[in-house]
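In: need a 3D model of the sequence below.
(2 chains)
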Amino acid sequence: MEVHTKIRTKSNNKPRFKSGLQARKDALSGYLYVAPFFILFLTFGIFPIFYNLYISLFSWKLFGAEPEFIGLQNYVWLLTDDPTFIKAVVNTFSIWIISTIPQLFIALVLAYVLNQAFVKMKDLFRMAIFMPFITSILAVTIIFNSLFSRDFGLINFILGTEGLDWKNNRILTHFAIATMVNWRWIGYNTIIYMAGLQTIGKDLYEAATIDGANKIQQFFYITIPQLRPIILFTIIMSSIGGMSLFIEPLVFLDLRGGSANQGLTMFLYLYETAFGTKYNIGYSAAISWVMFVIVVMFALLNWFITTKVIKD
Amino acid sequence: MKNRAGRFISYLFLLISSLISIFPFYWMFVISTNTTAAANKFPPKIIPGDQFIANIQNAWENADFIAALFNTLIVAGTITISQLFFCSLAAFALARLQFKGRNFVFIIIVSTLLLPPASPIPLYIIVSKFDWINSLYAVIIPFLVGAFGVFLMKQFIETAIHPELIESAKMDGARNFQTYYRIVLPIIKPGLATLAIITFMAIWNDFVWPSIVLKDQSVQTLQLAVRGLQNAYNRDTALVVTGAFITTLPLLAIFIPFSRQFISGLTEGSVKG
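Out: Numbering: from 1, shown residues only, chains lettered A, B, ... in the order given. A predicted model of the protein is given here:
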């Protein structure tokens, strides 16, 4: 490692044998080699974002009449006269809270335990805990749909709640969806935290042990503050992911997130408006912009809270 | 004494977490080896049955899994090969070639990783303008190169390839592409393997975008075939779960031997970012 860095700093000085011709060649190759990324990114990444803004200013049906320009009317309807959207926002946040907080906390504890020197068969545990991440969300939802089944579900059997309908009650629905999210993502976050733990110096823990701090105190006073940047990363990623959740409710319930929209999320609402029965892409585009603003604000808020709460 | 209790609790915690993680896989196996009638019992059945072959045959008859597998392999294979080439090429430029605006280019690429998922609507319209609806192009071309891959490959190149090596290749008169092809590519083989596994699995599992643009039976992928089964035979649990199980098995077969590369690749791509 040390050797690498030495060589790197050395050659960061001006390359010694570089003629003007070679520099021009390098620049030409450089632009050429990153060009494929930018061509695809501009066509399928950037352009759609602005095109979406344009669409949102129209009354625009996917397979209908000519789009009609209506200015900000879609946004006005969405923000002042759409209880379904409000419901979707509340559902999204509700599911986010009951998935992200336990998910990240359990992952943190798992990583901490797995990082202890006395633990044997680390690779095996790590592989087992990470395994859910490779399944598709569709498969995850199909499995849990069966586990949460009202009449024949294993979960009702274990909890002794025979006949409980997890799809019929708003908070139970959120809980079932959060369970699927947690099952798939705990392992992923665990390995992210484990990678972070390896960067914390052993001397910190040794000093704390000498001062008489037990493992639990060390967890709260050393591990969590030291992992702050990585915790921040996982919170931001799960904010973005959680706010755009929708395959789970789509497959577990239906396009409307259940008969009473009990599992309808923001992204599912956007999707249903465009591709469900209404084909109203103008309105759907407005939803996606409002959603975009909510996601960015929420991610920034979480950034702010996390940096305040966890102090070095 | 206290130490011992702590160790016991730690192992118990790890064991329970591992069991919860693995159990749904086992449950898939249990359901897909029983008939729906046998699975629909309370208390639920938790022992495998002997109906696996019958369920697979049933799934085979109700969805064209061969065609779906073929389509999925074309899509995932093309994207994986293309990502390996274009991402490593771009990463080589960003890591080891000097050009104006290089850092700016890299910042743009990294920041796209933090964009919230965009609405599929404008992309749908663009793709339909290209006349790619019900064509595999729609699920291949937009994903031929990606920010995550470029970022991951750049990490690998920076740690594995000394700038001096590149300089000496140039002194020997190698063109940039020759340097990339003869020197960089062989050295970053482990990195390429990691990216290949991650990309292949992500595309194999992709469901939303294909479900929007691939409506025709003839172009459906495995995930769409399973979704089709679920839509048509919602109550036939054994059939639907069998579909989910047989599309997960190949991933398990790739993941278990290569879990180390897969896991380290994901941490590489995130923690250092």
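In: surely residue B:80 and residue B:196 touch.
Out: Yes: if you go by CB atoms under 8 Å, residue B:80 and residue B:196 touch, sitting 5.3 Å apart. Every C-beta, even on glycine, is put in place using the N, C-alpha and C of the backbone.
In: for residue A:280, grab phi and psi.
Out: Phi and psi for residue A:280, reported as degrees, to the nearest 10, are phi -90, psi 80.
In: skipping its backbone neighbours, what lies nearest it in space?
Out: residue A:273 (5.3 Å; CB to CB, 6 or more residues apart in numbering or on different chains).
In: next one: residue A:125
Out: Per CB to CB, 6+ apart, closest to residue A:125 is residue B:14, 5.1 Å.
In: and that neighbour, how many neighbours?
Out: 22 (other CB atoms under 10 Å in any protein chain shown).
In: mind listing what's buried along the helix or strand containing it?
Out: Remark: residue B:14 resides in helix B:2-32, with elements defined by DSSP states H and E. For helix B:2-32, the buried set under the neighbour-count rule, 16 or more other CB atoms under 10 Å in any protein chain shown, comprises B:6, B:10-11, B:14, B:17-18, B:21, B:23-25, B:27-32.
In: just flag the most distant two among these.
Out: Of all pairs drawn from those, the greatest distance, 40.2 Å, lies between B:6 and B:32 (CB to CB).
In: still on that earlier bit, neighbour count winner among residue B:80 and residue B:196?
Out: Neighbour totals were compared for residue B:80 and residue B:196, and residue B:80 leads with 23 against 19 (other CB under 10 Å).
In: tell me the contacts of the more buried one?
Out: Taking CB atoms under 8 Å, 6 or more residues apart in numbering or on different chains, we find residue B:80 in contact with B:196, B:199, B:200, B:203.
In: mind redoing it with 10 Å?
Out: B:143, B:149, B:192, B:195-204 (CB atoms under 10 Å, 6 or more residues apart in numbering or on different chains).
In: contacting residues for the nearest residue to residue A:25 once chain neighbours are set aside?
Out: Leaving aside its chain neighbours, residue A:25 sits nearest to residue B:176 (6.6 Å; criterion: CB to CB, 6+ apart). Contacts for residue B:176 (CB under 10 Å, 6+ apart) come out as A:22, A:25-26, A:28-30, A:32-33, B:89, B:92-93, B:96-97, B:166, B:169-170, B:184.
In: ditto for residue B:188
Out: Counted by CB under 10 Å, 6+ apart, residue B:188 has contacts B:84, B:88, B:91, B:92, B:153, B:156, B:157, B:159, B:160, B:161, B:194, B:195.
In: may I see the PyMOL selection of the buried members of those?
Out: Buried residues within the contacts of residue B:188, by 16+ other CB under 10 Å, are selected in PyMOL with:
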select buried, chain B and resi 84+88+91+92+153+156+157+160+161+194+195
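In: pull the most distant pair out of the contacts of residue B:188.
Out: Of all pairs in the contacts of residue B:188, the most separated under CB to CB is B:84 and B:159 at 18.0 Å.
In: quick one, longest helix in the chain?
Out: No chain specified, so I'll use chain A. Counting residues, the longest helix found in chain A (DSSP state H) is helix A:83-114.
In: looking at chain B here, not the other one
Out: Within chain B, and with DSSP H defining each element, the longest helix by residue count is helix B:237-271.
In: just the buried residues of that helix, please?
Out: Buried residues in helix B:237-271 (16+ other CB under 10 Å): B:237-248, B:250-251, B:254-255, B:259, B:261-263, B:265-271.
In: model confidence over it, on average?
Out: The pLDDT scores in helix B:237-271 average 85.
In: do the same with stretch A:143-154
Out: For stretch A:143-154, the mean confidence score works out to 92.
In: buried residues in it?
Out: Result for stretch A:143-154 [16+ other CB under 10 Å]: buried residues A:143, A:144, A:145, A:146, A:147, A:148, A:149, A:152, A:153, A:154.
In: follow-up on the earlier one: now, the contacts of residue B:80 that are in strands?
Out: Applying DSSP state E to these, no entry is found in strands.
In: ok, which of those also contact chain A?
Out: The subset of the contacts of residue B:80 within reach of chain A, by CB under 10 Å from any CB of the partner chain, is B:143, B:149, B:197, B:201, B:202, B:204.
In: what's the closest non-adjacent residue to the first one?
Out: Translated: residue B:143. residue B:79 (5.1 Å).
In: residue B:142 and residue B:75 touch, don't they?
Out: No: Residue B:142 is beyond contact range of residue B:75, at 11.5 Å (criterion: CB atoms under 10 Å).
In: higher neighbour count, those two?
Out: residue B:75 (24 against 21).
In: how close does that one sit to residue B:135?
Out: Between residue B:75 and residue B:135 the computed distance is 11 Å (CB to CB, to the nearest Å).
In: okay, and the common contacts of those two?
Out: Residues within reach of residue B:75 and of residue B:135 at once, by CB under 10 Å, 6+ apart, are B:214, B:219.
In: show me what contacts the residue nearest to residue B:214 when sequence neighbours are not counted?
Out: With CB to CB, 6+ apart as the criterion, residue B:214 has its nearest non-adjacent residue at 5.8 Å, and that residue is residue B:220. Residue B:220 makes contact with B:63-65, B:67-68, B:71-72, B:134, B:210-211, B:214, B:226-228 under the criterion CB under 10 Å, 6+ apart.
In: tell me which element the residue positioned nearest the centre of chain A is part of?
Out: Note on chain A: the residue nearest the mean C-alpha position is residue A:241, at 2.3 Å, using CA atoms, centre = their mean. Per DSSP H and E, residue A:241 falls inside helix A:228-243.
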